[in-house]
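Visitor: Attaching a predicted model along with its sequence, questions to come.
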Amino acid sequence: MSRGAFLAITGSLLWGIMGVACQYLLQDKGISAIWLVNMRMFFAGIILLLADYFIYRKDFLAVWSGSKNITQMLIFSFITIMSVQLLYLLSVQNMNVAMATVFVSLAPIMTLLWVCIRARKLPKRFEAVCCTSAVLGSIIMATHGEFTSLSVSSIGILYGITLPFAGVIYTIQPAYLMKKYRPSNITGWGLFIGGCALLPFIEPWNVPSDLDVHAWSAIIYTIVFGTAIAFWTFLASLKYLEPHIAGIYELLEPLSAIILGVWLLDVIFEVPEWIGTTLIMVPVIYLSLYRK
């Protein structure tokens, strides 16, 4: 296995496991999604920034030079990265980790549609087929194959639908910064600044009193491994892999979340959900390979 593949797989699996840990914290322990988002962003941002500083020791503050950089970083910190983190956890809280991560996987489809709208052109035939397949897969997952009723709460579906749109923003908005600076530095600053902005409102030091050792272990895993190390390893894989190949490895995230969610948290994932997942994953893989 190549170094790039190892890093991409590691990051994706760490993200998948984190989703399961978050569902445990949100649904079983009653922790609020916004409190957990604040903890993740603030402390994972510190970890990434420290690692970036001691490894590279240069251009640590370069991203904050110039009004355009500052504006883009503030948008990335307060809107882009915060929206992705919060919407994902709200989806997990109101659906389950398996369905939430599959909805995240729709981001490449939404990105394709955005590019077509911006270019004022219709999708190619195979692109239209991929989009139709992904939409059909989403409907099957949301209804458990029974198209007259929802299998999860309507608010959960609403958050799930917003996830791929947030993913498009996360893909497009920081592109200017990513071309000029290290992804680890940008992501570290984005997480840290966003986390700092939430501190006065969330007051993360007011920790729920009934957290046991299992809950604290899940929180520490979510911050250290599921956020900081997962971001670091996956971003590092882009040094060795083309983005479309790394994107395919990233699909291990929903697959690992599904398997672990069914195994550890008794998440219901039956034939209709597997059919819906396949209808979403296959076109995403195809589009990723085609973009090569």
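Guide: That came in fine, so what should we check first?

Visitor: rest of the way, CA atoms for contacts and neighbours
Guide: Fine.

Visitor: just for the stretch 51-200 of the chain, where's the confidence low?
Guide: 147-150 (pLDDT under 70).

Visitor: Could you pull out the helices in it for me?
Guide: With DSSP state H, counting those that start in this stretch as the criterion, the stretch 51-200 of the chain has helices at 67-75, 81-94, 97-104, 107-119, 125-143, 154-172, 175-180, 183-202.

Visitor: just those helices: most buried one?
Guide: For the helices of the stretch 51-200 of the chain, the largest average neighbour count (mean count of other Cα atoms under 10 Å) is found in helix 97-104, namely a mean of 27.

Visitor: That one - contacts with which helices or strands?
Guide: Under the contact definition 3 or more Cα pairs under 8 Å, 6 or more residues apart in numbering; DSSP states H and E, helix 97-104 sits against helix 3-23, helix 81-94, helix 154-172, helix 252-265.

Visitor: what's the angle between that helix and helix 3-23?
Guide: Interaxial angle, helix 97-104 versus helix 3-23 (axes from the mean of the first three to the mean of the last three Cα atoms, to 10 degrees): 130 degrees.

Visitor: So what's the gap between helix 97-104 and the chain middle?
Guide: 9 Å (Cα atoms, centre = their mean, to the nearest Å).

Visitor: quick one: contacts of that helix?
Guide: 16, 19-20, 23, 88, 91-92, 138, 141, 160-161, 163-164, 167, 253-255, 257-258, 261, 267, 269, 277, 280 (Cα atoms under 8 Å, 6 or more residues apart in numbering).

Visitor: what do you get if the cut-off is 6 Å, keeping everything else the same?
Guide: With Cα atoms under 6 Å, 6 or more residues apart in numbering as the test, helix 97-104 has contacts from G19, S91, V92, G160, L163, P164, P254, A257, I258.

Visitor: Kindly report the same for stretch 189-199.
Guide: So stretch 189-199 is contacted by N38, M41, F42, G45, S77, F78 (Cα under 6 Å, 6+ apart).

Visitor: go again using 8 Å as the cut-off
Guide: By Cα under 8 Å, 6+ apart, stretch 189-199 touches 37-46, 49, 73-74, 76-78, 81-82.

Visitor: sorry, back to before: export the helices of the stretch 51-200 of the chain to CSV and append columns for distance to A215.
Guide: Putting these into CSV (distance: least, Cα to Cα, whole Å) gives the following:
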stretch, distance to A215
helix 67-75, 32
helix 81-94, 16
helix 97-104, 17
helix 107-119, 30
helix 125-143, 29
helix 154-172, 23
helix 175-180, 35
helix 183-202, 19
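
Visitor: mind checking which of the ones you listed is nearest F54?
Guide: Nearest of the helices of the stretch 51-200 of the chain to F54, taken as Cα to Cα: helix 183-202 at 11.5 Å.

Visitor: rewinding a little: ok, so of the contacts of helix 97-104, who is nearest A5?
Guide: Distances from A5 to the contacts of helix 97-104, taken by Cα to Cα, are shortest for P254, at 17.1 Å.

Visitor: ok, now which ones touch the closest one?
Guide: Per Cα under 8 Å, 6+ apart, neighbours of P254: G16, A98, T101, V102, S105.

Visitor: again, only using 10 Å
Guide: Shown in contact with P254 (Cα atoms under 10 Å, 6 or more residues apart in numbering): 12-13, 15-17, 19, 97-105, 260, 277, 281.

Visitor: what do you get for P272?
Guide: Contacts for P272 (Cα under 10 Å, 6+ apart) come out as G137, I140, M141, A142, T143, H144, G145, E146, T278.

Visitor: how about these in JSON lines, adding distance to F201?
Guide: Below are those laid out as JSON lines (distance: Cα to Cα, whole Å):
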{"residue": "G137", "distance to F201": "38"}
{"residue": "I140", "distance to F201": "38"}
{"residue": "M141", "distance to F201": "35"}
{"residue": "A142", "distance to F201": "33"}
{"residue": "T143", "distance to F201": "36"}
{"residue": "H144", "distance to F201": "38"}
{"residue": "G145", "distance to F201": "41"}
{"residue": "E146", "distance to F201": "41"}
{"residue": "T278", "distance to F201": "41"}
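
Visitor: which among those gets closest to W205?
Guide: Among the contacts of P272, and counting by Cα to Cα, the member closest to W205 is A142, at 36.6 Å.

Visitor: Is that closest one in contact with V152, as I believe?
Guide: Yes: look at A142 against V152 with Cα atoms under 10 Å: they come within range, at 6.6 Å.
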